[in-house]
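Q: Everything below, folded, please.
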Amino acid sequence: MKHQKNSFLFICAVMFLFGSATLFALLNIEPAHATALSNLDSSAEAAAAPATANTAVKAAKTTNVPAPKSWKGYVTADAKPFLNVRTAAWGKIVDALKPGAAVTVVDASGDWYIIDTGSALRYVYKKYISKKKPEAPKPPAYAVWTGYVTADAKPYLNVRNKAWGTITGQLKPGAAVKVINKSGDWYILEGNKYVYARFITKSKPAAPAASTSWTGYVTADVLNVRSAPWGNKVTTYSRGTAVKVMAKEGDWYRIDASGKKLYVHSSYISRTKPAAGGSSGGSSGGSSGGGSFGGRPVAGGRISSYYGYRKDPFGSGATKFHSGVDYAVGGGTSVKSLGPGKVVYAGWGTGYGNYVKIQHDNGYVSYSAHLRSCSVKTGQRVGQGTEVGKVNSTGSSTGNHLHFELRKNGQSVNPASIKGVLL
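A: Prediction:
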């Protein structure tokens, strides 16, 4: 009986609810509980309004509210050494951007821009973001200046296509050049030409004294006349030929030969006309027999290094002055004295290895270096042709050769300029 009563009550409740809903629908009346639910939804949406840019952008993607318009910005050049990237305004630093880096700005918050990194939204200080891409820093420009070939670049300064490259020309001492850059020990001139920096100075050399021509006379039986110092042989002059000397360039005289500029070695020109019948031998353009020297210090071989500036043979890459002439010959080759004199030293010397030093009767001092052994003793008199030692590679040397050096009054001289010395 109790069960039947409960069933009856349940059926009555359902009928009541159904009847109320039907009545409301027919009368177009909104139920009170529906209005309450609608108001509750609106309040919750307002309470959940995004408080951060991250939720704002996400909300814009899921509602009809337009998303902030993004734009491309760049980290300014004064953000040195970098610009911090944070999780929020003055939040935790999570990354850093170098000057010039591009960023996507999606919003702003006070002094901060909000950027989209692709994986998250981050904050950067607004002061260091610009819409204009900064220009890449340029290296400081080289100050172009005018230089001059130094006086000790004798007889001239080689011009090359690169450091230690092919020689493409020569510059005389005093020549003006425009220096546009520097690379190591080399200056780069206008036209991308290279010259060794040591022989260029900013100080303009004093103007040479006005050249006064004079008449000289050939003292050699046959004198080579060349297009330049050690240049191509143009012709020959015989003993006693008068020449018009215009100037001296190093060991050479520049002469006027019927309007042509030619060169003869100064060792074979005298202001005094030689007596007829005498003989001073021939000339290769500055070296031949005659006088108290005669011949060659060794037989055979070749000249492997001349007197003057050269690239260091020991691999440093520097240009160094070579004070003698190197004869490349086989080990054990006999080395001869070129003239009479007294041996002032025979033995070991740093750099020279075994060497012989002779004070010759004509005032010159000779050095024969890198010997296997010395064939003479200190204090011994020698004559022209006396053996002084054997060729080897002792001391600072890269192979068998004779280093032959001449000095006058303590200064080295070019053996090629001395009468009687044959190269």
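Q: how close does the spatially most central residue of the chain sit to Tyr142?
A: By Cα atoms, centre = their mean, the chain has its centre lying nearest to Ser183, at 2.6 Å. Ser183 sits 11 Å away from Tyr142, taking Cβ to Cβ, to the nearest Å as the criterion. Where you see a C-beta, it was placed from the backbone N, CA and C, and this is true even at glycine.
Q: ditto for Ser258
A: 47 Å.
Q: For the two, indicate the residue with more neighbours.
A: Tyr142 (11 against 6; other Cβ atoms under 10 Å).
Q: check which helix or strand covers that one.
A: Assigned by DSSP states H and E, Tyr142 falls within no helix or strand.
Q: Quick check: it touching Lys182?
A: Yes: if you go by Cβ atoms under 8 Å, Tyr142 and Lys182 touch, sitting 7.3 Å apart.
Q: any common contacting residues for those two?
A: Counting by Cβ atoms under 8 Å, 6 or more residues apart in numbering, no residue touches both Tyr142 and Lys182.
Q: could you pull out the helices for the stretch 301-423 of the chain?
A: In the stretch 301-423 of the chain, no helices are defined using DSSP state H, counting those that start in this stretch.
Q: which residues in the stretch 51-200 of the chain form helices?
A: 53-62.
Q: Please spell out the segments of it that come in under the pLDDT threshold.
A: By pLDDT under 70, the weakly predicted segments of the stretch 51-200 of the chain are 51-68, 137.
Q: Could you rerun that using 90?
A: Counting by pLDDT under 90, the ranges of the stretch 51-200 of the chain that qualify are 51-69, 77, 79-80, 133-143, 151-156.
Q: And for the stretch 301-423 of the chain?
A: 301-306, 308-322, 339-340, 349-351, 361-363, 383-385, 396-399, 409-412, 416-423.
Q: Let me see the domain layout of this structure.
A: Domain assignment for the chain by automatic domain parsing gives 53-130, 145-201, 214-270, 302-417.
Q: For Phe293, find the nearest of those.
A: domain 302-417 (4.5 Å; Cβ to Cβ).
Q: Buried residues, the helix or strand hosting Val243. List them.
A: Per DSSP H and E: Val243 is located in strand 242-249. Across strand 242-249, burial judged by 16 or more other Cβ atoms under 10 Å covers Val243, Val245, Met246, Glu249.
Q: Could you do stretch 170-183 as well?
A: So, applying 16+ other Cβ under 10 Å, buried residues of stretch 170-183: Leu171, Pro173, Ala175, Val177, Val179, Ile180.
Q: can the residues you listed go into JSON lines with extra columns for distance to Pro205?
A: Putting those into JSON lines (distance: Cβ to Cβ, whole Å) gives the following:
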{"residue": "Leu171", "distance to Pro205": "13"}
{"residue": "Pro173", "distance to Pro205": "7"}
{"residue": "Ala175", "distance to Pro205": "10"}
{"residue": "Val177", "distance to Pro205": "13"}
{"residue": "Val179", "distance to Pro205": "16"}
{"residue": "Ile180", "distance to Pro205": "21"}
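Q: Which two among those residues are spaced furthest apart?
A: Pro173 and Ile180 (21.3 Å).
Q: List the neighbouring strands of the strand holding Val243 plus their orientation.
A: Counting by DSSP bridges, the strands paired with strand 242-249 are strand 214-218 (antiparallel), strand 252-257 (antiparallel).
Q: Give me the distance between the longest one and the centre of its chain.
A: Meaning strand 252-257. When distances are taken as Cα atoms, centre = their mean, to the nearest Å, strand 252-257 is centred 39 Å away from the chain's centroid.
Q: Next: stretch 234-249.
A: For stretch 234-249, the distance to the chain centre is 43 Å (Cα atoms, centre = their mean).
Q: now stretch 105-124
A: For stretch 105-124, the distance to the chain centre is 46 Å (Cα atoms, centre = their mean).
Q: what does the strand holding Val243 contact?
A: 154-155, 172, 211, 213-218, 229, 237, 253-257, 261, 263-264, 266, 269, 273.
Q: Repeat that for stretch 186-205.
A: 145-153, 157-163, 165, 168-169, 171, 173-174, 176-183, 185, 319.
Q: Is it possible to get a markdown table of the domains of the chain that adds distance to Leu423?
A: Shown next, in a markdown table, are the domains of the chain (distance: least, Cβ to Cβ, whole Å):
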| stretch | distance to Leu423 |
| --- | --- |
| domain 53-130 | 63 |
| domain 145-201 | 17 |
| domain 214-270 | 11 |
| domain 302-417 | 6 |
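Q: Count the neighbours of Val344 for me.
A: Neighbour tally, Val344, other Cβ under 10 Å: 13.
Q: my read: it touches Val356, true?
A: No: in this structure, Val344 is not within contact of Val356 by Cβ under 8 Å, at 9.1 Å.
Q: contacting residues around Trp164?
A: Lys311, Gly317.
Q: any idea how far it lies from Ser227?
A: 26 Å.
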